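Student: Sequence plus the predicted model coming up.
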Amino acid sequence: MKPVQIAPSILSADFSRLKDEIQAVEAGGADWLHVDVMDGHYVPNITIGPVVVEWVRKAATIPLDVHLMITDPDKYAPEFIKAGADWVSIHPDTCADAHATLRKIRELGAKPSVAVNPDVALGKVEDYLSEIDMLLMMTVFPGFGGQAFIPEVLPKIEEARKTIEQRKLSVLIEVDGGIKVDNIDQVVRAGGEVIVSGSGIFKTPSYAETIRQMRSAAGQL
Ligand code: DX5
Ligand code: ZN
């Protein structure tokens, strides 16, 4: 199995102690921080804006992986990049011209990624593969942390890995939604390389121990 990056989603952190929470997952071995941005339009929930990302950037030393679940990424992606996003994922159905949005994200110095909802076929996003650095496979419908993992997405992750290998592209596969110590092995076996986990880490007593168990379950220890 390939080396995995563990990306805790701060959506499930205690926001009254956000800096401590960030430092605790970093000290516990997190590789990236996943930031779920929701605007109450594309999804019913409202979460984090650029102002908060700016402070997260100051508190963190690892890469910031910003997942935009908003209706106007063209308007706001630049603000999140300015605030410190290293990676920016967009849902292509939110863009007038997703190719242009991805190009803009790269021009502004971040790495572009396309998110694929559980009910979207891989064929719908194959055109973007040569333009992105990461494909974000959703294993829940976007909107909330703490939802149940949808195992039916696993074959699509395998298909994505095969396509990326066949086309010799350097596109990471990130998997997001409902991942915990007890199912990370399936995700990694299917081809997941960047593993997002919100409640699976932040709702456990020891982040370091949970991240260690995740790596071990993923065959990395
Ligand atoms: C869902 C978000 C996910 C989610 C992950 O809309 O994109 O990143 O917060 O949280 P868990 O791991 O709790 O499903
Ligand atoms: Zn996310």
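Tutor: Sure, I can see it. Ligands and ions are numbered 1, 2, ... in the order given.
Student: contacts, neighbours, all on C-alpha from now
Tutor: OK.
Student: where in this protein is pLDDT low?
Tutor: 1-2 (pLDDT under 70).
Student: who's in contact with stretch 149-159?
Tutor: 118, 121-122, 137-140, 173, 177-179, 186-187, 190-192 (C-alpha atoms under 8 Å, 6 or more residues apart in numbering).
Student: ChimeraX command to pick out the buried ones of the residues you listed?
Tutor: When burial is assessed using 16 or more other C-alpha atoms under 10 Å, the buried subset of these is captured in ChimeraX by this command:
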select :118,122,137,138,139,140,173,177,178,179,187,190,191,192
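Student: quick one: which of the contacts of stretch 149-159 sit in strands?
Tutor: Using DSSP state E, the subset of the contacts of stretch 149-159 located in strands is 137-138, 173.
Student: Closest one of those to ligand 1?
Tutor: Compare each of those with ligand 1 using C-alpha to the nearest ligand atom and the shortest gap goes to M138, at 7.3 Å.
Student: Kindly state the beta-bridge partners for the closest one.
Tutor: Taking DSSP bridges, one obtains D176 as the residues bridged to M138.
Student: Enumerate every residue touching it.
Tutor: With C-alpha under 8 Å, 6+ apart, M138 has these contacts: 115-118, 153, 175-177.
Student: How far away from the center of its chain is the lengthiest helix in the chain?
Tutor: Taking DSSP state H as the criterion, the chain has its longest helix at helix 154-166. On the basis of C-alpha atoms, centre = their mean, to the nearest Å, helix 154-166 sits 17 Å off its chain's mean C-alpha point.
Student: Flag every buried residue along that helix.
Tutor: Buried residues in helix 154-166 (16+ other C-alpha under 10 Å): 154, 156-158, 160-161, 164.
Student: and which of those residues is nearest ligand 1?
Tutor: Closest to ligand 1, out of all of the buried residues of helix 154-166 and judged by C-alpha to the nearest ligand atom, is L154, at 15.4 Å.
Student: Would you mind measuring from the closest one to F144?
Tutor: For L154, the distance to F144 equals 20 Å [C-alpha to C-alpha, to the nearest Å].
Student: Equivalent analysis for Q186, please.
Tutor: Distance from Q186 to F144, by C-alpha to C-alpha: 22 Å.
Student: quick one on the thing from earlier: can the buried residues of helix 154-166 go into JSON lines with extra columns for distance to ligand 1?
Tutor: Shown next, in JSON lines, are these (distance: C-alpha to the nearest ligand atom, whole Å):
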{"residue": "L154", "distance to ligand 1": "15"}
{"residue": "K156", "distance to ligand 1": "18"}
{"residue": "I157", "distance to ligand 1": "16"}
{"residue": "E158", "distance to ligand 1": "20"}
{"residue": "A160", "distance to ligand 1": "19"}
{"residue": "R161", "distance to ligand 1": "20"}
{"residue": "I164", "distance to ligand 1": "23"}
